[in-house]
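Visitor: Here's my sequence, what's the structure:
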Amino acid sequence: MATPTAAQQRNHNKSNYNAFLAACPSHKMLERISGKWVTLILSALGSGPDCTGEPTPMRYSELSRLLAGVSQKMLTQTLRSLERDGLVSRTVTPTVPVTVSYELTELGLSLHQMMRGLKIWAELHIDEVATNRAKYDHATPAN
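Guide: Here you go, the predicted structure:
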């Protein structure tokens, strides 16, 4: 039997990925992209703060101001992981002071729509969720 080419091996692996298995790389990727900061960063870079614009590069300081509650450490770590995964590109412009901007790659743009959808869904349905939580909490005795 002939040894499979690298492309054949990749296609075989893709067909065998199962995100329900903890050891599967796709499981680990879902874990990475399911964080709230990833969702918000991809939403912001993909269409701005109101989710109606076009993908645009943003400076670190712009992202920091936009993402209420994110610490400098968390924003830096999240941007680095997104850059490592190829979802975000980082551009350094040699100015005084140095300007650093981030933008979605083609791969990041392919994920952006779903992340934007999650953000919008959360904003549209938070009142219903809050009502359901209150009903549940009222009906469920405290432990």
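Visitor: quick one: the helices in this protein?
Guide: When assigned using DSSP state H, the helices of the chain occupy the ranges 6-16, 25-33, 36-47, 60-66, 72-84, 106-139.
Visitor: and the third one, what does it pack onto?
Guide: In terms of contacts (3 or more Cβ pairs under 8 Å, 6 or more residues apart in numbering; DSSP states H and E), helix 36-47 is packed against helix 60-66, helix 72-84, strand 99-104, helix 106-139. (Each C-beta comes from the backbone N, C-alpha and C, glycine too.)
Visitor: Any idea which of these gets closest to residue 40?
Guide: helix 106-139 (6.8 Å; Cβ to Cβ).
Visitor: From the contact counts, what lies against the closest one?
Guide: For helix 106-139, the helices and strands in contact under the criterion 3+ Cβ pairs under 8 Å, 6+ apart are helix 36-47.
Visitor: contacting residues around the helix it packs on?
Guide: If you take Cβ atoms under 8 Å, 6 or more residues apart in numbering as the criterion, helix 36-47 is touched by 32-33, 51, 53-58, 63, 66-67, 70, 74-75, 78-79, 82, 87-88, 102-104, 108-109, 111-113, 115-116, 118-119.
Visitor: Filter those residues down to the buried ones, ChimeraX style.
Guide: Typed into ChimeraX, the next command selects the buried ones out of these (criterion: 16 or more other Cβ atoms under 10 Å):
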select :33,51,58,63,67,70,75,78,79,82,87,88,102,103,104,108,111,112,115,116,118,119
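Visitor: Near residue 36, how many other residues are there?
Guide: By the other Cβ atoms under 10 Å criterion, the neighbourhood of residue 36 contains 15 residues.
Visitor: what does the one 5 residues further on give?
Guide: Burial of residue 41, expressed as a neighbour count using other Cβ under 10 Å, amounts to 26.
Visitor: can you pull the pLDDT of it?
Guide: Per-residue confidence (pLDDT) for residue 41: 92.
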